[in-house]
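**Q** Compute the structure for the input listed below.
(one chain, ligands or ions: 2)
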Amino acid sequence: MALTPFMIELKEKNAVIVGGGRVAERRANTLLNNGASLTVVSPDAEEGIMQLAEQGKLVWKQKGFAGNDLGHAFLIVVATDDPAVNESVVKAASPDALINHAADSEQGNVQFPSFFRRGHLSISVSTDGASPMLAAGVKRDLQARYDESYEAYVDFLYACRQHLKQQSSLERSEQRDILRELLSTAYLNSDNQQKMYDYLEALTGRSPL
Ligand SMILES: C[C@@]1(CC(=O)O)C2=NC(=C\c3[nH]c(c(CCC(=O)O)c3CC(=O)O)Cc3[nH]c(c(CC(=O)O)c3CCC(=O)O)/C=C3\N/C(=C\2)[C@@H](CCC(=O)O)[C@]3(C)CC(=O)O)/[C@H]1CCC(=O)O
Ligand SMILES: NC(=O)c1ccc[n+]([C@@H]2O[C@H](COP(=O)([O-])OP(=O)(O)OC[C@H]3O[C@@H](n4cnc5c(N)ncnc54)[C@H](O)[C@@H]3O)[C@@H](O)[C@H]2O)c1
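**A** Ligands and ions are numbered 1, 2, ... in the order given. You can find the predicted model right below:
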């Protein structure tokens, strides 16, 4: 069965990564960037993980995995290079835990997609494990299509939409026409964004900014 795409809040959620190698380091950065409270369990670790531990950004338990290392983890990442250890992590996990298994995705229930952000816009690509390289390639294509200018553009869309939602004097159809008009690529240009702000101010008597 196909996986379900999901956006998830990880702020202050306990996450445990078992393993301290290259995959673990990639996962550690993703999880910390999204506010998780992170513990890494591994006898050795990549330089980057050690530095994050020294900076107090994660807890590194420098040891081999034991069943009681998982605590009440919300998310468990299984990322050692030893299949027997990986199996024992899955066995020790609560049946309701979210588990990402780096070496054998079917042993887990969560996968990390290839993704990038442009401010409020985030784009994720998944192949359900068929080809992570294809996922990364599609992501690169989309990064070129949705370049850095989209960050300011999506902020602009956000400001305009919030402003329009507050205008009870405008008919819903008028609001929708303007929202649709904002999708013109002309508004990727900051001068045109300013013109639209000026237009909305003239229309509603209030500045959207
Ligand atoms: C997208 C990305 C995100 C990230 O990891 O951050 C990601 N893998 C990436 C790269 C990558 N991974 C691998 C290679 C080497 C080439 C190859 O084997 O194909 C490369 C390429 C490279 O390194 O360039 C090896 C590999 N990966 C998995 C297995 C085990 C298995 O298939 O079960 C093995 C074999 C291990 C072995 O040989 O022992 C499994 C998974 N990898 C996933 C995600 C999930 C599925 C996502 C999807 O299909 O869309 C899934 C199922 C589970 C998970 O880990 O969540 C990231 C690209 C980031 C980017 O650049 O944007
Ligand atoms: N999902 C992906 O994107 C992806 C990509 C490449 C590889 N892999 C797979 O993920 C696994 C990890 O890959 P890697 O490149 O990070 O490996 P790695 O060799 O860089 O790291 C392995 C880590 O496992 C730790 N470890 C070993 N025994 C342990 C134990 N008993 N308890 C805790 N930690 C222990 C080691 O200390 C080391 O930090 C491999 O099985 C590989 O096949 C997955």
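
**Q** so where does the closest residue in space to Asn29 that isn't next to it in sequence fall, helix or strand?
**A** Closest residue to Asn29 apart from its sequence neighbours, by C-beta to C-beta, 6 or more residues apart in numbering: Gly48 at 7.5 Å. In short, each C-beta sits where N, CA and C put it, glycine included. Element membership for Gly48 (DSSP states H and E) is helix 47-54.

**Q** any idea how the protein splits into domains?
**A** Here the chain is described, according to automatic domain parsing, as comprising the domains 14-112, 113-146, 149-204.

**Q** and these, which is most packed in?
**A** With neighbours defined as mean count of other C-beta atoms under 10 Å, those peak in mean count at domain 14-112, which reaches a mean of 17.

**Q** For ligand 2, give me its nearest residue in this structure.
**A** In the chain, the residue found nearest to ligand 2 is Gly21; the distance is 1.9 Å by C-beta to the nearest ligand atom.

**Q** and that residue, backbone torsions?
**A** Backbone torsions for Gly21, taken as degrees, to the nearest 10, come to phi -90, psi -160.

**Q** With adjacent residues omitted, what lies nearest to Val85?
**A** That would be Phe65: by C-beta to C-beta, 6+ apart, it lies 5.5 Å from Val85.

**Q** who's in contact with that neighbour?
**A** 18, 41-42, 80, 85, 88-89 (C-beta atoms under 8 Å, 6 or more residues apart in numbering).

**Q** what do you get if the cut-off is 6 Å, keeping everything else the same?
**A** Contact analysis of Phe65 by C-beta atoms under 6 Å, 6 or more residues apart in numbering lists 18, 41, 85, 89.

**Q** can I get those residues in TSV with pLDDT and distance to ligand 1?
**A** Output for the contacts of Phe65, formatted as TSV (pLDDT from 0 to 100; distance: C-beta to the nearest ligand atom, whole Å):
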residue	pLDDT	distance to ligand 1
Val18	98	13
Val41	98	17
Val85	98	14
Val89	98	14
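
**Q** so of those residues, which ones are in helices?
**A** 85, 89 (DSSP state H).

**Q** Between which two of the contacts of Phe65 is the distance greatest?
**A** Val41 and Val85 (10.0 Å; C-beta to C-beta).
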